[in-house]
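**Student:** Provided below for reference: sequence and predicted model.
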Amino acid sequence: MKVNGTHYRSLWWDAEKAALQIIDQRWLPHDFRVQQVDTLEDYAEAIVEMRVRGAPLIGATAAYGMALAARLDPSTAHLDKAWAFLDKTRPTAINLRWALNRCRTHLLALPEDQRAEAALRLAHEIADEDVEINRSIGLNGLEIIRKIADGKTNGEPVRLLTHCNAGWLATVDWGTATSPIYQAHDAGIPIHVWVDETRPRNQGALTSWELGSHGVPHTYITDNAGGHLMQHGLVDMVIVGTDRTTRRGDVCNKIGTYLKALAARANNVPFYVALPSPTIDWTVTDGVSEIPIEERSAREVTHIQGVNDAGEIVQVQVTPRGTPGGNPAFDVTPNHLVTGLITERGVCAATPEGLDGLFPEQARIAERA
Ligand SMILES: CSC[C@@H](O)[C@@H](O)C(=O)COP(=O)(O)O
């Protein structure tokens, strides 16, 4: 998507420098900084510290990490080591393991002298596929927004609520939850987006930055405001992304998503989840008991980052010194609270039958495992 009129992806390959370039998201929305990733340690740090973040982007970054590993030393032992090193960076988003497994399986089947070139080609392929998948999610989600718009009178906007940043910054381009939003806006459908702040890392500020750059009307709200807005009939649809969706359609996403789903159900507001197929974990069924939830540093809760009047990016403490902070980074929304899953192949129910129907080949592989 565009930043000040220039089209960017959230990562790109610089062929001259033979290195990956990323947008260091820790400084957004206040400062747009591009960083080159040179070593495997840089790759791991970029993922752990959330310079790059969002399930699909973590996966694509890891694929480029495997390409670097293959260039440094294409032996099976080294690739296995790199796989394990990158795999332990973040535990919840399944796209990381999906991308690492795809790279490992592909490369180990090749002679060593072909692995470096093949690994880079595959990383490009994974990044390009992500863009195409998200574009298709957008077209499928657009139809849902269009139907809601058709029921409105006097050009009233469709009011959507989103949590976290499931935008182009969290993918390679388009975003998952934001893709239908961008497509609806571009199709001339009046929309307005309620953007949850998403404490503690305030990914809502990233979403606001994205939507603002694209001219999409939106309002940044506290995480606690959603229930009130739904109660007063001010939300037509909730749409979020996911870090891991189970075989039966349980959805793991940024902490606080579950509360929004509960509020949506209590107020008869449809709750949709936009997901690319690499985010489906066909090996797990019960999201609450089977998905590992990342516990991040307490400092992310006790402190908050922003820009001061002098234009400097600073962190300030919001709690009394010494107050312990707890920081579970994700939660699971059980499938019965989900109205529908918007995938690149279409929209389905959040049920085993719904997902199996759209992805029969994956379901068969899962059956055999
Ligand atoms: C298209 S992104 C979907 C999810 O990855 C997103 O909603 C999310 O929870 C991101 O978490 P983050 O901790 O910022 O990586």
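**Tutor:** Right, received. Where do you want to start?
**Student:** and the gap between the residue of the chain at minimum distance from the ligand and R159?
**Tutor:** In the chain, the residue found nearest to the ligand is G241; the distance is 2.8 Å by CB to the nearest ligand atom. Every C-beta, even on glycine, is put in place using the N, C-alpha and C of the backbone. G241 sits 19 Å away from R159, going by CB to CB, to the nearest Å.
**Student:** so between these two, which is more surrounded?
**Tutor:** The neighbour count for G241 versus R159, taken as other CB atoms under 10 Å, is higher for G241 (30 against 21).
**Student:** can you pull the contacts of the closest residue to the more buried one other than its chain neighbours?
**Tutor:** The shortest distance from G241 to any residue other than its chain neighbours is 2.6 Å, reached at A166 (CB to CB, 6 or more residues apart in numbering). Listed by CB atoms under 8 Å, 6 or more residues apart in numbering, the contact set of A166 reads 54, 175-178, 207, 240-242, 253, 274.
**Student:** most widely separated two among the residues you listed?
**Tutor:** T207 and T242 (15.4 Å; CB to CB).
**Student:** now the strands for the stretch 1-150 of the chain?
**Tutor:** All strands of the stretch 1-150 of the chain, identified by DSSP state E, counting those that start in this stretch, fall at 2-3, 6-7, 11-14, 19-23, 34-37.
**Student:** which residues of the stretch 151-300 of the chain lie near the ligand?
**Tutor:** Residues of the stretch 151-300 of the chain lying near the ligand by CB under 6 Å from any ligand atom: 164, 166, 170-171, 175-176, 203, 241-243, 253-254.
**Student:** look through the protein and tell me its longest helix.
**Tutor:** helix 112-150 (DSSP state H).
**Student:** just the angle for that one relative to strand 19-23, thanks.
**Tutor:** Put simply, helix 112-150 runs at 20 degrees to strand 19-23, going by axes from the mean of the first three to the mean of the last three CA atoms, to 10 degrees.
**Student:** just checking, next helix/strand downstream of helix 112-150?
**Tutor:** strand 158-162 (DSSP states H and E).
**Student:** what does that following strand contact?
**Tutor:** Contacts of strand 158-162 (CB under 8 Å, 6+ apart): 145, 148-149, 152, 177-178, 181, 184, 189-196, 207, 226, 229-230, 234-240, 260.
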